[in-house]
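Asks: Here's my sequence, what's the structure:
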Amino acid sequence: MNNLLRLIGRRIIALPIMALGVTLLVFFLMSFTDPSIPARTVLGEGASPEAVAEYMDEHGMNDPWPVRYVDYIGGLVQGDLGTYGSRQTPVATAIASALPITMQLTFFGLLIAAVFSFTLGVISALYRDKWPDQIIRVISIAGIATPSFWLAVLLILLVTMAGLTRVFPSSGALPDIFTNPGGYFGRMIMPAIALAFPVIGQMTRIVRTAMVEELDKDYVQTARGSGIPENVVIAKNVLRNALITPVTTLGLKIGYLMGGAVVIEVIFALPGMGTLIQQGITGGEIMLVQGVVVVVALAFVIINIVVDMLYLLINPRIRTV
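Replies: Numbering: from 1, shown residues only. Next up, the predicted model:
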């Protein structure tokens with residue numbers, strides 16, 4: 001228990017350090033952009049150079065980037081990510097409405113990936129080198145080789161050609177899950193499948209390899225020789241030991257899914273973080289782009305730290321390291 005608490009403590013201590021490094025990197029890269037862009041966005045393209053210079057002085061845009069970074073961190077700690085647009089809309093408000101949609105898409109993508117990859121991986125291992133294994137290998141290779149954005153476009157074309165756009169719309173508002181669950185899942189299913197399919201290909205191979213390695217161990221042969229039913233050996237012994245690494249790997253894929261969701265949202269016109277960052281890039285909203293990138297990066301860091309700590313709980317062997 002002491003070793004476990006010590007390892008978890010290390011992860012918790014590393015969290016603010018990694019978060020600070022992420023914000024520093026993002027802010028430093030964004031400092032290379034033209035600082036007059038936000039001023040012209042607010043004042044209009046026809047604003048005079050004097051008005052732009054005055055706006056930049058009032059908002060500290062001419063200060064050295066280390067000074068602006070300290071001010072930004074001070075606002076970030078208080079939940080202030082700045083404002084954007086001519087109406088000076090708070091960036092935090094825009095992110096608060098977009099982030100839940102990205103998280104929902106990430107969750108459904110993770111759920112689909114987990115169900116299919118673990119099922120296919122176990123079946124492939126149990127029927128090693130037989131026709132189910134060969135078919136699943138083809139599926140997994142196709143998943144690994146298929147970019148999610150290409151699959152998203154293909155799904156839209158297939159649904160359109162089949163005349164199913166009313167059931168599975170690729171654009172439009174996202175219905176409320178409580179008042180219109182059918183419309184919600186119809187709108188969300190295609191983006192979730194496009195997001196999950198590459199992960200299914202990768203995870204199926206990992207699950208199969210872990211299962212095959214576990215099935216070849218001596219204790220499995222001993223249990224079978226002792227007359228223990230095959231389903232008991234698989235369910236109580238093999239699965240429990242074999243799925244430790246795949247479960248942890250799947251947890252690490254959450255960050256990948258979240259990053260992929262940003263791209264998928266743009267293709268399917270979902271009002272999430274991807275659409276928000278596209279709006280910021282096309283509109284020259286530096287504060288909006290910076291805020292979205294920082295939040296997504298921090299979410300990725302936090303998710304990886306949490307998964308790392310869960311791995312310590314799942315795998316007892318690492319606690320003694």
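Asks: how would you label the nearest residue to Gly284 once chain neighbours are set aside: helix, strand or coil?
Replies: Counting by Cβ to Cβ, 6 or more residues apart in numbering, Ile37 is the residue found nearest to Gly284 once chain neighbours are left out, at 4.5 Å. No exception for glycine: its C-beta is placed from N, CA and C like everyone else's. Here Ile37 is recorded as helix under DSSP: H, G, I helix; E, B strand; the rest coil.
Asks: So Ile37 versus Met18, what's the distance?
Replies: For Ile37, the distance to Met18 (Cβ to Cβ, to the nearest Å) stands at 29 Å.
Asks: got it, and Ser148?
Replies: Where Met18 is concerned, Ser148 sits at a distance of 26 Å (Cβ to Cβ).
Asks: Comparing these two, which residue is more hemmed in?
Replies: Per other Cβ atoms under 10 Å, whichever of Ser148 and Met18 has more neighbours is Ser148, with 23 against 17.
Asks: now what about stretch 275-288, what contacts it?
Replies: 30, 33, 35, 37-38, 40-41, 81-85, 91, 94-95, 98, 262, 265-266, 269, 289, 292-293 (Cβ atoms under 8 Å, 6 or more residues apart in numbering).
Asks: Quick one, which of these are buried?
Replies: Buried members of the contacts of stretch 275-288, counted by 16 or more other Cβ atoms under 10 Å: 30, 35, 37-38, 40-41, 81-85, 91, 94-95, 98, 262, 265-266, 269, 289, 292-293.
Asks: for the stretch 101-250 of the chain, what spans make up the helices?
Replies: For the stretch 101-250 of the chain, the helices defined by DSSP state H, counting those that start in this stretch cover 131-145, 148-161, 181-215, 218-225, 230-232, 239-242, 244-267.
Asks: closest to Tyr69 out of the ones you listed?
Replies: Nearest of the helices of the stretch 101-250 of the chain to Tyr69, taken as Cβ to Cβ: helix 244-267 at 24.0 Å.
Asks: Quick one: low-confidence residue ranges for the stretch 201-321 of the chain.
Replies: The stretch 201-321 of the chain contains residues with pLDDT under 70 at 311-321.
Asks: Which one, of the helices of the stretch 101-250 of the chain, ends up nearest to Glu50?
Replies: Short answer: helix 244-267, nearest of the helices of the stretch 101-250 of the chain by Cβ to Cβ, at 37.6 Å.
Asks: helices or strands next to that closest one in the packing?
Replies: helix 91-126, helix 148-161, helix 181-215, helix 273-282, helix 286-314 (3 or more Cβ pairs under 8 Å, 6 or more residues apart in numbering; DSSP states H and E).
Asks: got the angle between it and helix 286-314?
Replies: 160 degrees (axes from the mean of the first three to the mean of the last three Cα atoms, to 10 degrees).
Asks: Return the alpha-carbon coordinates of helix 244-267 using PDB.
Replies: The C-alpha trace of helix 244-267 is given here as PDB (Å, rounded to 0.1, in the frame of the first residue of the first chain):
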ATOM      1  CA  ILE A 244      -4.400  -5.800 -18.100                       C
ATOM      2  CA  THR A 245      -2.200  -4.300 -20.900                       C
ATOM      3  CA  PRO A 246      -5.100  -3.900 -23.400                       C
ATOM      4  CA  VAL A 247      -7.200  -2.000 -20.800                       C
ATOM      5  CA  THR A 248      -4.400   0.300 -20.000                       C
ATOM      6  CA  THR A 249      -3.600   0.900 -23.700                       C
ATOM      7  CA  LEU A 250      -7.300   1.600 -24.400                       C
ATOM      8  CA  GLY A 251      -7.200   4.200 -21.600                       C
ATOM      9  CA  LEU A 252      -4.200   5.900 -23.300                       C
ATOM     10  CA  LYS A 253      -6.200   6.000 -26.500                       C
ATOM     11  CA  ILE A 254      -8.700   8.400 -24.900                       C
ATOM     12  CA  GLY A 255      -6.300  11.300 -25.700                       C
ATOM     13  CA  TYR A 256      -6.000  10.100 -29.300                       C
ATOM     14  CA  LEU A 257      -9.800   9.800 -29.600                       C
ATOM     15  CA  MET A 258     -10.200  13.300 -28.200                       C
ATOM     16  CA  GLY A 259      -7.800  14.700 -30.700                       C
ATOM     17  CA  GLY A 260      -9.500  12.800 -33.500                       C
ATOM     18  CA  ALA A 261     -12.900  14.100 -32.400                       C
ATOM     19  CA  VAL A 262     -11.700  17.600 -33.100                       C
ATOM     20  CA  VAL A 263     -11.300  16.700 -36.800                       C
ATOM     21  CA  ILE A 264     -14.400  14.600 -37.000                       C
ATOM     22  CA  GLU A 265     -16.600  17.400 -35.600                       C
ATOM     23  CA  VAL A 266     -15.600  19.700 -38.400                       C
ATOM     24  CA  ILE A 267     -16.600  17.100 -41.000                       C
END
